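Asks: here is my input; please provide its structure:
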Amino acid sequence: FKSSPFGTQSHGYESNNAFLLYAFGERLLIRTGRRDSYGSKHHKEWMWHTKSVNSITVNGEGQGRRTAAAQGEVTAFHTSDLIDFLEGEAGRAYEGRLERFTRRILFLKPDVIVIHDVVAASEASSFEWRLHAPTEMSVSDRRATVTNGKAACDVDFLWPENLSLSQTDQFDTPPRPRIKLVEYHLTATPDEAAGEQMFVTVIRPYKSESQSEVTIEANERTGKGYGIRLNTPQGKAWVLMQKDSGADMAWDGQ
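Replies: Modelled structure (predicted):
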């Protein structure tokens with residue numbers, strides 16, 4: 001995960017609040033593109049653009065490219081034997097397009113990752129949730145599955161409800177013909193524009209020879225937040241999310 005006060009300059013050009021996922025020695029959720037030469041059209045228009053990584057674009061546009069001004073910040077972090085949690089804020093990286101982009105990631109070790117995103121703009125906008133993989137994703141309804149060698153993961157898009165998923169193996173600006181590269185790009189887009197949007201996503205990695213042992217037993221919007229009840233090999237977990245911290249929140253998980 002990256003959310004950096006150094007911005008998107010130099011070799012740290014990948015966008016803030018983006019993440020990667022490797023499991024069992026395999027690449028599953030990746031940043032994409034290959035530098036065919038410095039400053040080429042593919043390098044500038046794809047690899048420097050937020051659409052090439054696992055982050056969020058607004059009306060198809062991303063964060064400031066290769067600039068120290070496109071800053072992010074890790075605003076919370078906790079690690080333990082059972083749970084990792086972090087929060088990043090990257091709203092100011094979007095050159096005025098966003099008022100906030102808060103991404104929270106909860107890792108219930110070793111089986112499940114919950115991502116909670118809150119984005120807000122000054123006017124109704126399209127927010128595109130981007131995901132990339134080295135192999136073609138199996139997409140059905142509100143789930144994408146990635147399998148690569150010994151590893152796999154299920155990605156469940158729980159919220160918003162009205163979400164359109166599309167996948168392509170094409171780069172908007174492809175590398176030069178000598179670069180033989182095929183990668184897969186999924187875009188999850190709410191059906192209606194909004195000034196503010198929340199995304200709730202659950203990722204379950206597992207060995208490709210088996211299936212995930214985690215089940216999502218219940219999930220629903222509750223007040224201004226969201227609740228999930230998970231059954232994991234380590235026991236049951238209730239995850240409660242809200243836009244801003246500080247308020248009491250309750251959910252019976254039924």
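
Asks: for the rest of this, base every contact and every neighbour count on C-alpha atoms.
Replies: OK.

Asks: name whatever forms a beta bridge with Thr222.
Replies: Beta-bridge partners recorded for Thr222 (DSSP bridges): Gly225.

Asks: contact partners for Arg100?
Replies: Shown in contact with Arg100 (CA atoms under 8 Å, 6 or more residues apart in numbering): 89-92, 118-121.

Asks: out of those residues, which comes closest to Leu98?
Replies: Of all the contacts of Arg100, Ala121 has the smallest distance to Leu98: 4.5 Å, by CA to CA.

Asks: count the neighbours of that closest one for me.
Replies: Ala121 sits with 20 neighbouring residues when counted by other CA atoms under 10 Å.

Asks: for Leu86, same thing?
Replies: Neighbour count for Leu86, taken as other CA under 10 Å: 17.

Asks: Glu73 is in contact with that one, correct?
Replies: No - here Leu86 does not reach Glu73: they are 10.7 Å apart, not a contact under CA atoms under 8 Å.

Asks: need the CA coordinates for stretch 151-168. CSV is fine.
Replies: Extracted in CSV, the C-alpha atoms of stretch 151-168 (Å, rounded to 0.1, in the frame of the first residue of the first chain):
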residue,chain,number,x,y,z
ALA,A,151,-2.6,-18.6,-5.8
ALA,A,152,-6.1,-17.3,-6.3
CYS,A,153,-8.4,-14.7,-4.7
ASP,A,154,-12.1,-13.8,-4.8
VAL,A,155,-13.0,-10.1,-4.9
ASP,A,156,-16.5,-9.4,-3.7
PHE,A,157,-18.0,-5.9,-4.4
LEU,A,158,-20.5,-5.5,-1.6
TRP,A,159,-21.3,-1.8,-2.0
PRO,A,160,-22.6,0.2,-3.8
GLU,A,161,-25.4,-2.1,-4.9
ASN,A,162,-25.8,-0.7,-8.4
LEU,A,163,-22.3,-1.3,-9.7
SER,A,164,-21.3,-2.2,-13.3
LEU,A,165,-18.2,-4.3,-13.8
SER,A,166,-16.2,-4.4,-17.1
GLN,A,167,-12.9,-6.1,-18.0
THR,A,168,-10.5,-5.6,-20.9
